[in-house]
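quick one: sequence plus predicted model below, questions after.
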Amino acid sequence: MNIQNYINGDYQLPISNEYVDNYNPSNGEVYGKIPNSNTEDIEYAYNSAKSAFRSWSKTTLEERSRILIKISELLEANLERFAKAESIDNGKPLSLATSIDIPRAASNFRFFGNAITQFASESHESVGLNAVNFTLRQPLGVVGCISPWNLPLYLFTWKIAPAIAAGNCVIAKPSEVTPMTAYLLGKICTEAGLPKGVLNIVHGLGTTTGQAIVEHPNIKAISFTGGTSTGANIARVAAPMFKKLSLELGGKNPNIIFSDCDYDKMLETTVRSSFANQGQICLCGSRIFVEASIYEKFKKDFVQKVKQLKVGHPLDASTNIGALVSKPHLEKVESYIKIAEDEGGKILCGGLEVTVEGFENGYYLQPTVIEVQNNSCRINQEEVFGPVVTIMPFTTDKEVLRLANDVKYGLSATLWTNNLNRTMQFSQKLQTGIVWVNIWMLRDLRTPFGGAKESGVGREGGFEALRFFTEPKNICIKY
Ligand code: NDP
């Protein structure tokens, strides 16, 4: 199926007249073409967004809220169609797309549809000076949203929903690897009554279409989720133009397991936090540190559970692990397994491609557990973003805290312990934007979401996102 850009409320062929192939990861076949939009396409989208901004920025909060909630309802009504499209495009199990990706995309619109009605500006009385200050929070204008392939519609809408709720008009680009659900979203927005030009969805390569969005001099802000090196490139281009930037980047998250934890809960969750979505979630705990007293037991139990995971076709209801997103990505992940072995890592299970009958050219890989001797090896320092985790033992709190922080990333950490003092110590000292204690990936959309160090700049979620997508202006009145 060939897809088109969604600009000014309509599906449009690209002015560039260029296309790239869209692959189905489950069988390795091309199943459609997507536009490779160029600067002219972005200019067209920009002009449509700019025209729409005049009235959208003045649309009442109730009306904006009503439209966002309508989009949410329409997504829910089309759950099966969207989930299937996401699963085919990305390779993720249909069960995951149905239970997580699409419901969460719908929640993003509902959440920000509600949040904008509660978003308040600050006021400061200057006591003794007979003056009062209040802060206007005005929309920025036309903003750019660029999202990755791992949670396609989930992360795409996580940016778009707050941007339009706050009164901006948007030019958004999904990953060229997974464009399908973003394409389908256009029609839903039209049906929900979103005025023409408020949301413009353009498709194409990061280096063409993404770059053109970032380089556009009048696009006021860029909200980006993706790899750290892409984020650095975007910052280099955008910073001299003084664009607002929100960068959600890579991770190499520690999963720290103490012997006093609730073992069964930890084990079951650790299988999920390692391999959900084929390990292609920025929050996956890819470095597992286990207290020495339970290390051997954990190793045995964990490997046994991982071996039970079924790698299979994404649409097969019994599949736990689907296909990786693309051939280049599969090759990248495999190259890291080789690097780990060369550095002395011991493969405890997995490591090989899987042939799924009838889909022999799909990108399937066994979930892989590697025992490593130290944290300085490349497999523990670099983001693999696939179904590969490492395990190693530790003996003291101090040691594991040092290991956890000894990495350039700082997105999230998971801690398994029932010791309150330890929980507080680690919460204070872990150099990450998010710490989960005795749980993984429990998301409350009001909380600040994002990373420290090379995992990003800025926070998404709740009022943080609405603050990002508005410009504060202080008014001081003397009376
Ligand atoms: P990339 O950085 O390759 O791409 C992300 C997006 O940026 C895609 O839409 C891509 O387009 C686009 N892009 C690529 N180059 C440019 C450019 N020069 N200018 C503008 N846009 C560009 O990341 P992946 O898609 O490979 O996603 C995986 C990465 O995302 C991992 O590092 C992961 O950790 C991170 N991530 C971070 C999250 C967080 O919240 N911190 C959450 C989820 C993922 P195209 O794909 O078409 O090339």
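Received it, and whenever you're ready, just let me know what you need.

can stretch 379-394 be found next to the ligand?
Yes: using Cβ under 6 Å from any ligand atom, stretch 379-394 comes into contact with the ligand via 383, 385. Just so you know, the C-beta spots here come from the backbone N, C-alpha and C atoms, and that holds for glycine as well.

helices of the stretch 201-350 of the chain, start to end?
All helices of the stretch 201-350 of the chain, identified by DSSP state H, counting those that start in this stretch, fall at 211-215, 228-238, 263-275, 292-308, 327-342.

neighbours around residue 376, how many?
Burial of residue 376 is recorded as 12 neighbouring residues (other Cβ atoms under 10 Å).

let's see stretch 384-399 as PDB, backbone CA atoms only.
Output of stretch 384-399 as PDB, limited to C-alpha atoms (Å, rounded to 0.1, in the frame of the first residue of the first chain):
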ATOM      1  CA  VAL A 384      22.000  -2.200  21.300                       C
ATOM      2  CA  PHE A 385      18.200  -1.600  21.300                       C
ATOM      3  CA  GLY A 386      17.300  -5.300  20.600                       C
ATOM      4  CA  PRO A 387      16.500  -8.500  22.500                       C
ATOM      5  CA  VAL A 388      19.900  -8.700  24.200                       C
ATOM      6  CA  VAL A 389      20.700  -8.200  27.900                       C
ATOM      7  CA  THR A 390      23.800  -8.800  30.000                       C
ATOM      8  CA  ILE A 391      24.000 -10.100  33.500                       C
ATOM      9  CA  MET A 392      26.700  -9.700  36.100                       C
ATOM     10  CA  PRO A 393      27.000 -10.100  39.900                       C
ATOM     11  CA  PHE A 394      27.800  -7.400  42.500                       C
ATOM     12  CA  THR A 395      28.400  -7.500  46.300                       C
ATOM     13  CA  THR A 396      27.800  -4.100  47.800                       C
ATOM     14  CA  ASP A 397      25.400  -1.200  47.400                       C
ATOM     15  CA  LYS A 398      28.300   1.100  46.700                       C
ATOM     16  CA  GLU A 399      29.700  -1.100  44.000                       C
END
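
list the buried residues for it?
Residues of stretch 384-399 classed as buried by neighbour count (16 or more other Cβ atoms under 10 Å): 384-394, 397.

repeat for stretch 356-376
For stretch 356-376, a neighbour-count test (16+ other Cβ under 10 Å) marks 356, 359, 362-372, 375 as buried.

what about stretch 127-137, distance to the chain center?
With Cα atoms, centre = their mean, to the nearest Å as the basis, stretch 127-137 stands 39 Å off its chain's centre.

put the alpha carbons of that stretch into CSV.
Extracted in CSV, the C-alpha atoms of stretch 127-137 (Å, rounded to 0.1, in the frame of the first residue of the first chain):
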residue,chain,number,x,y,z
VAL,A,127,3.9,42.6,48.1
GLY,A,128,4.8,46.1,49.3
LEU,A,129,5.5,47.3,45.7
ASN,A,130,1.8,47.6,44.7
ALA,A,131,2.4,45.4,41.7
VAL,A,132,1.1,42.1,40.5
ASN,A,133,2.7,39.8,37.9
PHE,A,134,1.0,37.2,35.9
THR,A,135,2.4,34.9,33.3
LEU,A,136,0.8,34.3,29.9
ARG,A,137,1.5,30.9,28.3
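
from the buried residues of stretch 356-376, which ones fall inside helices?
Among the buried residues of stretch 356-376, DSSP state H puts none in helices.

narrow these to those in strands?
Among these, the ones falling in strands (DSSP state E) are 368-371.

wait, which of the residues you listed is closest to the ligand?
Looking at those and their distance to the ligand, the nearest is residue 368, at 18.0 Å (Cβ to the nearest ligand atom).

might one say that the closest one is in contact with residue 387?
Yes: Residue 368 is within contact range of residue 387, at 6.1 Å (criterion: Cβ atoms under 8 Å).

low-confidence stretches in the stretch 351-479 of the chain?
Scanning the stretch 351-479 of the chain for pLDDT under 70 picks out nothing.

for it, which residues are neighbours of the ligand?
Residues of the stretch 351-479 of the chain lying close to the ligand by Cβ under 6 Å from any ligand atom are 383, 385, 411, 451, 455-456.

now, which of those lie within helices?
Counting by DSSP H, those contribute nothing to helices.

checking residue 145 next. Helix, strand or coil?
strand (DSSP: H, G, I helix; E, B strand; the rest coil).

need the nearest residue in space to residue 274, chain neighbours excluded.
Once flanking residues are discounted, residue 274 sits nearest to residue 389: 4.4 Å by Cβ to Cβ, 6 or more residues apart in numbering.

if I look at that neighbour, how far off is residue 371?
Noted for residue 389: a distance of 10 Å to residue 371, by Cβ to Cβ, to the nearest Å.

close enough to count as contact, residue 452 and residue 430?
No: the criterion here is Cβ under 8 Å, and residue 452 misses it with residue 430 at 9.2 Å.
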